[in-house]
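Undergrad: using only what follows, build the 3D model:
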Amino acid sequence: MKTISIPADGISDSELQFINAYDDEDGSIVFDAVRSDSSKISKSMNEWPWAQTIDDFAASASKKSLWRYTVNVSSGNVSKECITEVPTYFGSVNPVVSGQKHKYAYAAVGAIGNSNAPPQGIGKIDVDAKTMDVWYPEQYEFCGEPMFARKKSDNPSGNEDDGYIISVLNNGKEKRSEIVILDAMNIAAGPIARVPLGIAIPHGLHGCFASSEECNWSAEEIERRAKLADKMESRGNMWNEVKSDFSGLGLRLDDFEEYFGDIL
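TA: The predicted structure is shown next:
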């Protein structure tokens, strides 16, 4: 175990959003992360809505940007390099290169240059060339976390960006959300598919894409789990009922059928 200090430069390193890290050929450790600069915050977020204009947002939200850290393990020196000052959020990479050297990072990005702005567009950042391929939706539409999904192909190209970017887009005008899918090789072309969800999902809600069969539930399985969740929620006041026999939840195992019915 070795402790290495990160030199201070006026921006806090305590709220890093890590994207990826790898061992470089010279023995250094390289990691890319989103930094949060809170030095210009002058307004609290105690009241809702906490930002109704872009000026409100800039005054109450930290400015986020993508940085590269290089740690020389032998000397203990740490260098920092800004990859882009365009506001970046929810950074990710192709899972294939997780823990390995990567060329591209994907992020939700602000839409007014380097000025502080909420996540709105989808950016593909070439971390070596420090360039960005970006798509911006309408001014009343806002994208969340970009998730990388690899293409299924009998003859994969082997390119790091051979896949799709999936994100949830919130339409602020119509109060509804949809899933947008972009070709990772050509982000600027915009979505190749848009799937309306029929509901509004809070902007910023995020997760991950998984290709495992354990996560690919059928419609029947989703419906079964939803019914179980509804039953548990509707009978939530029973969780405090205490039985004489031992149970950490206050329920005996033979009570489940009585309370929740046949859920299998």
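
Undergrad: what's the distance between E141 and A111?
TA: 10 Å (Cβ to Cβ, to the nearest Å). C-beta here means a position set from N, CA and C on the backbone, and glycine is covered the same way.

Undergrad: okay, and the common contacts of these two?
TA: Counting by Cβ atoms under 8 Å, 6 or more residues apart in numbering, the shared contacts of E141 and A111 are Q120.

Undergrad: how near is A149 to W48?
TA: Between A149 and W48 the distance is 34 Å, computed by Cβ to Cβ.

Undergrad: also F57?
TA: Distance of F57 to W48, given as Cβ to Cβ: 14 Å.

Undergrad: neighbour count: the two, which is higher?
TA: The neighbour comparison of F57 against W48 (other Cβ atoms under 10 Å) goes to F57, with 18 against 6.

Undergrad: does the more buried one really touch N116, like I thought?
TA: Yes: if you go by Cβ atoms under 8 Å, F57 and N116 touch, sitting 6.7 Å apart.

Undergrad: so what's G172 closest to, chain neighbours aside?
TA: Y140 (4.6 Å; Cβ to Cβ, 6 or more residues apart in numbering).

Undergrad: hang on, D55 in a strand?
TA: No: using DSSP: H, G, I helix; E, B strand; the rest coil, the secondary structure at D55 is helix, not a strand.

Undergrad: could I get the pLDDT score of it?
TA: D55 is assigned 89 on the pLDDT scale.

Undergrad: also N240?
TA: At N240, the predicted lDDT confidence score is 58.

Undergrad: mind checking how far E25 is from F31?
TA: 15 Å.

Undergrad: more crowded one of the two?
TA: F31 (15 against 6).

Undergrad: who's in contact with Y140?
TA: Y140 is in contact with 171-173, counting by Cβ under 8 Å, 6+ apart.

Undergrad: closest to A61 among these?
TA: Nearest to A61 among these, counting by Cβ to Cβ, is G172 at 16.6 Å.

Undergrad: which residues in this protein form strands?
TA: For the chain, the strands defined by DSSP state E cover 17-23, 29-37, 63-71, 78-84, 88-92, 104-109, 121-126, 131-135, 141-143, 147-150, 163-171, 176-183, 191-196.

Undergrad: and those: which comes nearest P202?
TA: Minimum separation from P202 across the strands of the chain (Cβ to Cβ) falls at strand 163-171, 7.7 Å.

Undergrad: which residues does that closest one contact?
TA: Residues outside strand 163-171 that contact it (Cβ under 8 Å, 6+ apart): 94, 106, 108, 122, 124, 137, 140-151, 177-184, 187, 192, 194, 197, 200-203, 205-206, 209.

Undergrad: within the sheet, what are the partner strands of it, with directions?
TA: Paired strands of strand 163-171, with direction, are strand 141-143 (antiparallel), strand 147-150 (antiparallel), strand 176-183 (antiparallel) (DSSP bridges).

Undergrad: mind putting those in TSV, mean pLDDT included?
TA: Shown next, in TSV, are these (pLDDT from 0 to 100):
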stretch	mean pLDDT
strand 141-143	95
strand 147-150	91
strand 176-183	95
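
Undergrad: winner for burial among those?
TA: With neighbours defined as mean count of other Cβ atoms under 10 Å, those peak in mean count at strand 141-143, which reaches a mean of 23.

Undergrad: from the chain's centroid, how far away is it?
TA: In this view, strand 141-143 has its centroid 14 Å away from the chain centroid, taken as Cα atoms, centre = their mean, to the nearest Å.

Undergrad: what's next to that strand, contact-wise?
TA: Counting by Cβ under 8 Å, 6+ apart, 108, 118-122, 137, 167-172, 180, 203 sit against strand 141-143.

Undergrad: give me the lowest-pLDDT entry from those.
TA: Least confident of the contacts of strand 141-143 in the model: H203, at 82.

Undergrad: quick one: that one and K227, what's the gap?
TA: Distance, H203 to K227, using Cβ to Cβ: 29 Å.

Undergrad: between these two, who's got more neighbours?
TA: Comparing H203 with K227 by neighbour count (other Cβ under 10 Å), the higher total belongs to H203, at 19 against 13.
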